[in-house]
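K.L.:
Need coordinates for the following:
(one chain, ligands or ions: 2)
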Amino acid sequence: MTTVATTPFQDQKPGTSGLRKKVPHFQQRHYVENFVQSIFDSLDGFAGRDLVIGGDGRFFNRDTIQTAMKMAAANGFGRVIVGRGGILSTPAASNLIRVREAFGGIILSASHNPGGPDGDFGIKYNAANGGPAPEKITDAIYAKTRSIASFEIVEAPDVDLDKLGTVKLGDMTVEVVDPVAEYQALMERLFDFPAIRAMFAGGFRMRFDAMSAVTGPYAHAILEGALGAAPGTVINGTPLPDFGGHHPDPNLVHAKGIYDLAMGPDAPDLCAASDGDGDRNLIIGRGLFVTPSDSLAALSANAHLAPGYKAGLKGIARSMPTSAAADRVAEAKGLKSYETPTGWKFFGNLLDAGLATICGEESAGTGSDHVREKDGLWAVLLWLNILAVRQESVLAIMRDHWRTYGRNYYARHDYEEVASEGANALMAGLRGQLASLPGRSFGALTVQAADDFSYHDPVDGSDSAHQGIRVMFADGSRIVYRLSGTGTAGATLRVYIERFEGEVLDLETGDALRDLIALSRELAEIERHTGRTEPSVVT
Ligand code: VG1
Ligand code: CO
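P.N.:
Ligands and ions are numbered 1, 2, ... in the order given. Have a look, this model is predicted:
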């Protein structure tokens with residue numbers, strides 16, 4: 001064991017989901033070591049305990065795993081459980097932490113961001129409940145990174161990550177496990193596999209785009225293996241260190257291929273995709289993209305059709321920018337609903353306390369109390385289970401949903417890689433307007449309330465302020481502004497636009513939101529602050 005002297009970096013502040021930077025930034029001498037040691041220094045009582053480590057297979061994954069394992073050994077962990085090839089999807093890692101009753105886990109991913117030598121990388125710590133460390137811990141980690149003076153590491157050859165089984169690393173055991181097995185077992189407990197298998201056997205057709213990222217092995221084993229979907233159902237199913245040069249982001253821009261397929265003449269019954277680390281999902285029925293906010297609502301309304309949720313839901317939680325569609329389901333079913341800041345770490349307490357069963361975010365994240373991360377394949381399997389029971393198309397199910405609950409037309413406009421000064425000035429400008437906005441009218445829209453969202457955690461009593469500017473209108477429409485906490489270049493402004501309609505109008509989203517979109521730009525003076533007249537991505 002060696003103690004190595006080091007000097008702090010000032011920029012290791014975890015964001016929405018861990019520390020994310022460009023790969024060359026992580027490759028600076030001791031950058032990884034400093035952060036990993038700061039994680040360990042923020043934790044108590046792990047001597048002799050298990051630590052789960054895995055990542056989405058992106059460039060620098062294997063190097064970082066070797067470093068983290070050697071540091072775990074030097075710091076006194078008893079065992080590291082690591083996925084073969086260094087692979088663990090984020091939800092599978094969360095599950096492994098829980099089933100193995102590990103002390104916690106380290107997940108290496110920059111999720112939906114591109115990978116490769118010049119791409120993005122990330123490190124995140126998850127606690128014993130399987131969920132991302134709460135702010136109390138991430139704040140402690142950040143404080144440690146700013147004063148760290150040394151780290152502990154064992155000098156040893158690299159562990160062969162491709163061989164299943166156990167080996168010694170210093171005094172610690174390393175156990176290389178099949179990344180899929182435990183996760184698949186969990187899915188088989190939650191969903192009616194025989195019913196879904198029968199649906200596939202009856203000719204149901206699907207396409208799942210793993211985007212050359214981590215879900216390939218999971219989707220192959222579960223969809224084409226256990227469920228008998230036709231070979232070729234899973235495309236881009238081999239994880240590549242650079243994701244084939246693409247953004248592994250399952251949205252209408254980066255997963256355009258399956259979107260076009262779903263809208264074309266030979267569309268399968270269901271098209272789906274997941275992101276780099278497997279926690280996001282994209283759902284497109286034949287001819288209909290289901291917005292993530294609508295998907296959360298529809299899954300919540302129908303979850304009882306799957307065996308794992310037949311007892312009903314305890315509550316539904318959504319992040320603040322996510323549309324209120326899920327709230328309407330909660331209200332109709334007499335369930336509590338919760339509105340949290342962006343990022344999965346805020347759902348953990350609600351799930352642990354048994355206050356919510358299903359959670360979701362507008363950013364293509366949906367999940368439940370089965371793990372403590374959002375879960376892309378889980379969402380796809382729940383959809384499949386619902387389709388198998390209802391024997392209707394995705395389109396028919398969504399039309400029925402809107403007839404029952406009304407429809408929240410919704411879009412997110414991202415202005416990516418704008419200059420930070422401009423983005424900060426824009427947010428400051430909005431904050432300055434908050435007091436004077438209520439009561440003002442813009443065309444047919446009258447502002448009812450405006451605030452800077454803050455969250456009081458009902459479980460641990462913690463408060464999180466400045467989580468996004470909300471402008472709420474008298475008719476239930478809403479514009480929300482926030483800056484991304486996962487970007488690695490400049491700032492990304494996210495503008496979330498929503499309008500509720502009780503009647504079934506069958507509008508195009510762009511038409512339904514036209515006035516609000518124009519107002520979103522005017523209110524925040526987006527062009528003046530960012531130089532942009534149009535967003536870079538609309539989802
Ligand atoms: C984005 C999404 C947020 C999500 C986060 C992590 O954060 O908006 O909903 O939880 O990414 O997703 P931000 O701060 O950039 O808006 V994943 O799939 O990264 O880990
Ligand atoms: Co992700």
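K.L.:
When you work out contacts or count neighbours from here on, use the C-alpha atoms and nothing else.
P.N.:
Will do.
K.L.:
ok, and does the helix or strand hosting Ser337 reach over to ligand 1?
P.N.:
For Ser337, the host element (DSSP states H and E) is strand 336-340. No: Strand 336-340 lies out of reach of ligand 1 by C-alpha under 6 Å from any ligand atom, never closer than 10.7 Å.
K.L.:
What average pLDDT does that strand get?
P.N.:
Strand 336-340 shows a mean pLDDT of 98.
K.L.:
What residues of the next helix or strand after that strand count as buried?
P.N.:
Counting by DSSP H and E, the next helix or strand C-terminal to strand 336-340 is helix 348-352. Buried positions in helix 348-352, judged by neighbour count with 16 or more other C-alpha atoms under 10 Å: 348-351.
K.L.:
Ok, stretch 304-312 next?
P.N.:
In stretch 304-312, counting by 16+ other C-alpha under 10 Å, buried: 305-306, 308-309, 312.
K.L.:
Any chance of a markdown table for those, columns distance to ligand 1, secondary structure and pLDDT?
P.N.:
Listed next are these as a markdown table, based on distance: C-alpha to the nearest ligand atom, whole Å; DSSP: H, G, I helix; E, B strand; the rest coil; pLDDT from 0 to 100:
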| residue | distance to ligand 1 | secondary structure | pLDDT |
| --- | --- | --- | --- |
| Leu305 | 27 | helix | 98 |
| Ala306 | 25 | coil | 98 |
| Gly308 | 24 | helix | 98 |
| Tyr309 | 24 | helix | 98 |
| Gly312 | 25 | coil | 97 |
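K.L.:
can you give me the helices for the stretch 1-150 of the chain?
P.N.:
Ranges of helices in the stretch 1-150 of the chain, per DSSP state H, counting those that start in this stretch, are 23-26, 31-41, 61-75, 90-99, 135-145.
K.L.:
Let me know which of these is the nearest to ligand 1.
P.N.:
helix 90-99 (8.2 Å; C-alpha to the nearest ligand atom).
K.L.:
Name the surrounding residues that touch stretch 83-95.
P.N.:
Outside stretch 83-95, the residues that touch it by C-alpha atoms under 8 Å, 6 or more residues apart in numbering are 52-57, 61-62, 65, 82, 105, 107, 126, 129-131, 161-164, 176-180, 182-183, 214-215, 277-279, 370-375.
K.L.:
Show me those residues that map onto strands.
P.N.:
52-55, 82, 105, 107, 126, 176-177 (DSSP state E).
K.L.:
With distance to ligand 2 and neighbour count as extra columns, can I get these in a markdown table?
P.N.:
Listed next are these as a markdown table, based on distance: C-alpha to the ion, whole Å; neighbours: other C-alpha atoms under 10 Å:
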| residue | distance to ligand 2 | neighbour count |
| --- | --- | --- |
| Val52 | 18 | 29 |
| Ile53 | 16 | 27 |
| Gly54 | 14 | 27 |
| Gly55 | 11 | 31 |
| Val82 | 19 | 28 |
| Gly105 | 16 | 29 |
| Ile107 | 11 | 27 |
| Asn126 | 14 | 27 |
| Val176 | 23 | 23 |
| Val177 | 22 | 22 |
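K.L.:
what would these look like in CSV with pLDDT?
P.N.:
Below are these laid out as CSV (pLDDT from 0 to 100):
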residue, pLDDT
Val52, 98
Ile53, 98
Gly54, 98
Gly55, 98
Val82, 98
Gly105, 98
Ile107, 98
Asn126, 98
Val176, 98
Val177, 98
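K.L.:
and of those residues, the nearest to Lys144?
P.N.:
Asn126 (17.1 Å; C-alpha to C-alpha).
K.L.:
what's near enough to touch the residue nearest to the closest one when sequence neighbours are not counted?
P.N.:
Spatial nearest neighbour of Asn126, excluding adjacent residues (C-alpha to C-alpha, 6 or more residues apart in numbering): Pro132 at 4.2 Å. Contacts were defined as C-alpha under 8 Å, 6+ apart; by that measure Pro132 touches 17, 124-126, 344-345, 348, 372-373.
K.L.:
how close does the residue lying closest to Val159 once chain neighbours are set aside get to Val80?
P.N.:
Spatial nearest neighbour of Val159, excluding adjacent residues (C-alpha to C-alpha, 6+ apart): Gln66 at 7.0 Å. Remark: distance between Gln66 and Val80 (C-alpha to C-alpha, to the nearest Å) = 11 Å.
K.L.:
Which of those two has more residues huddled nearby?
P.N.:
Comparing Gln66 with Val80 by other C-alpha atoms under 10 Å, the one with more neighbours is Val80, at 25 against 19.
K.L.:
if I read this right, the more buried one contacts Gly48, doesn't it?
P.N.:
No: at 10.2 Å, Val80 does not count as touching Gly48 under the criterion of C-alpha atoms under 8 Å.
K.L.:
Show residues contacting stretch 296-313.
P.N.:
Residues outside stretch 296-313 that contact it (C-alpha under 8 Å, 6+ apart): 189-192, 316, 325-327, 329, 335, 356-361, 366, 382-383, 385-386, 389, 398, 401.
K.L.:
Good, we can wrap up now.
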